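1. Got a predicted structure plus its sequence, pasted below:
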Amino acid sequence: MLFFATTIDGLQMGLCFAVLALGVYISYSILDFPDLSVDGTFPLGGVVCTILMLKLGIPALPAILLSFFAGLAAGAITGILHVKFNITKLLSGIIVMTALLSVTLALTKLLTRTGFTTTIFSFRSENLSGIFGGKLVELLGSQNRDYMMLIIELVFVIAIKLIIDLFLKTKLGYMLRATGDNEMLVISLGKDSGTYKILGLALANGFVAMSGALYSNLFSQYDNSCGSGKVVMALASVIIGMAVFSKIRFVADTTAVIFGAVIYSLCLNYLVLVDTNGIYLKLLNAVMFALILIFNDKTSSLVSKHSKLKGGTSKC
Amino acid sequence: MLELKNVSKIYNPGTVTELCLFDNFNLTVNDGEFVSVVGSNGSGKTSMLNIICGSIPVSGGEVLIDGKNVNSLHEYQRYRMMGRVYQNPAAGTCPNMTIIENMSLADNKGKRYGLSFGVNYAKKQFYREQLSTLGLGLEDKLDVKLGALSGGQRQAVSLLMATMTPIDFLILDEHTAALDPRTAEIIMELTDKVIKEKHLTAIMVTHNLRYAVEYGTRLIMMDKGNIILDKQGEEKQKAKVDDILDIFNKISIECGN
């Protein structure tokens, strides 16, 4: 029973982190930019959403959508630091991440409490009885609340996936892909590649912030420390997803990334079962990530990407 | 018309490695000219192209396009008037995007890259026709990623992409150097065809003296940042590879090579 509960819990977390991973997919895979500001924009989205809901009384869904813009602004700053002031990719991310630690703390001070009473997942079982003449509640059984949460998350994640897929098929999306693929081509086309980098980072962090907002909703509480380790988690999700699922035909990269996030979350949750005190959790987390990279380096086409980074041609 | 007026370029100024490459360098390229540039390594050929394209700043002097000073224009702004094919076949295309996606990107040059769909399927037939002019069978591989093509095929697509939209100048930076002799020949013939068909003004840097003699309307030889030979018109048509090679050897010997 514990195993079952852990699985459900892992799926819920996984779908929440899928949004995070989709954001990092844009910065890491599309733009070839390992963006560390994620550790800061994730809690930023959480705290902004919490303020919007508790202070301004905005309902959960619009609050989550609005938190996108907080991440958008923070991501744009990372981009501007890198593009306009020539700060390396890693350092611009670290600068923004560090600054955001204070920003989120200051924003938390605006709140008198951090717990929610109603979230995007708030609904009464009675209300569900209207759907399919109560069959749905019957079908889902006593766990119906958990299942409904999963369904809501799934709808949310799929909507975001479709939006990103569509966006990447537009001319602007093509330019974003070209910027990560061959920056020289963008310049040859008479466009400033820096603009696309800033735009891409802004969008990526927008989705990361939304994931943070969703995370607060999932736990009915905003937690200031929720950002730590999110970069590793997101990168691991993207790399697992791309390595395992992108090779299958007709599986879009975005779908692969979602699967990656879910699998990684499930693994993490099972680790908690082993390490009940949670002391070695981060260590196991890091080891798992290292194993993924080592395994991936041997098998996947991402190899070229890593060797490119090693070669120093990319300003990392 | 493209002019370089009294251009000077000093690398690493103020340091021990200071190197003055150009000192009062002048060059005028008239509309419709196809200039081949030859010279030994370090003679300043590629630096000249980079100065024209704005990839590196000048230390002094002016770069003029149609009489207008473009010194202050960024590289990407100058490419609105120019197309460039690089020595590295991978530089002119996106390896992770398909042929049709690459073609659509290039076809949209000069327009807005907004939220409309990237691939213009209505123009699929047009892209097919364009690709079939290359004679490499690429017209049936529209959905293949560029990275899966050979160097020669990629260079052919790069050339097509660089000349797809109206441009004033075509810059060819040793664009056959990384290809095998047969493919290089094909690409060179294609280049000549495209330049003649579209009446482009072109500057081609090459290490292949035969190409420099056979193609183009003007031949320039550079050495240590100076133009030491400039053959135009009839004089160019009469030029022989051996004559050019003689002069080339002479300057190389002077250098102590």
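-> Nice, I can see it.
2. alpha carbons only for contacts and neighbour counts from here, please
-> Will do.
3. how about the strands of the stretch 101-250 of chain B, start to end?
-> With DSSP state E, counting those that start in this stretch as the criterion, the stretch 101-250 of chain B has strands at B:169-173, B:201-205, B:218-223, B:226-232.
4. Where does the stretch 151-257 of chain B get nearest to chain A, residue-wise?
-> B:Ala162 (8.1 Å; C-alpha to the nearest C-alpha).
5. which SS class is the closest residue to that residue other than its chain neighbours?
-> Leaving out its chain neighbours, the residue that sits closest to B:Ala162 by C-alpha to C-alpha, 6 or more residues apart in numbering or on different chains is B:Gly83, at 4.8 Å. At B:Gly83 the chain is in strand, as set by DSSP: H, G, I helix; E, B strand; the rest coil.
6. B:Gly83: neighbouring residues, count only.
-> B:Gly83 has 28 neighbours, counted by other C-alpha atoms under 10 Å in any protein chain shown.
7. can you pull the contacts of it?
-> Applying C-alpha atoms under 8 Å, 6 or more residues apart in numbering or on different chains, one finds that B:Gly83 lies in contact with A:Ser188, B:Ala162, B:Thr163, B:Ile167, B:Phe169, B:Leu170, B:Ile171.
8. could you redo the last one with a cut-off of 10 Å?
-> By C-alpha atoms under 10 Å, 6 or more residues apart in numbering or on different chains, B:Gly83 lies in contact with A:188-190, B:53, B:92, B:158-172, B:202.
9. Could you tell me how far the residue nearest to A:Ser67 when sequence neighbours are not counted is located from A:Leu107?
-> Distance criterion C-alpha to C-alpha, 6+ apart; nearest residue to A:Ser67, sequence neighbours excluded, is A:Gly45 at 5.1 Å. The spacing between A:Gly45 and A:Leu107, counted by C-alpha to C-alpha, to the nearest Å, is 11 Å.
10. neighbour count winner among the two?
-> Set A:Gly45 next to A:Leu107 and count neighbours by other C-alpha under 10 Å: A:Gly45 wins out with 34 against 14.
11. Give me the common contacts of A:Gly45 and A:Leu107.
-> What both A:Gly45 and A:Leu107 touch, as defined by C-alpha under 10 Å, 6+ apart, is the set A:Ile51.
12. Quick one: the strands in the stretch 101-250 of chain A, in order.
-> Under DSSP E, counting those that start in this stretch, the stretch 101-250 of chain A gives no strands.
13. So which residues of it form helices?
-> Secondary structure of the stretch 101-250 of chain A, counting by DSSP state H, counting those that start in this stretch: helices at A:125-128, A:135-140, A:144-167, A:171-181, A:183-188, A:193-219, A:230-245.
14. where does the chain dip in pLDDT?
-> Unless you meant another one, I'm taking chain A. Across chain A, the ranges flagged by pLDDT under 70 are A:123-143, A:297-316.
15. To clarify, I was referring to chain B.
-> B:252-257.
16. about what we covered before: so the residue nearest to A:Ser67 is in contact with A:Asn205, correct?
-> Yes. The criterion here is C-alpha atoms under 10 Å, and A:Gly45 meets it with A:Asn205 at 9.3 Å.
17. Could you pull out the residues contacting both of those two?
-> Common neighbours of A:Gly45 and A:Asn205, using C-alpha under 10 Å, 6+ apart, are A:Phe68, A:Phe69, A:Ala70, A:Gly71, A:Leu72, A:Ser211.
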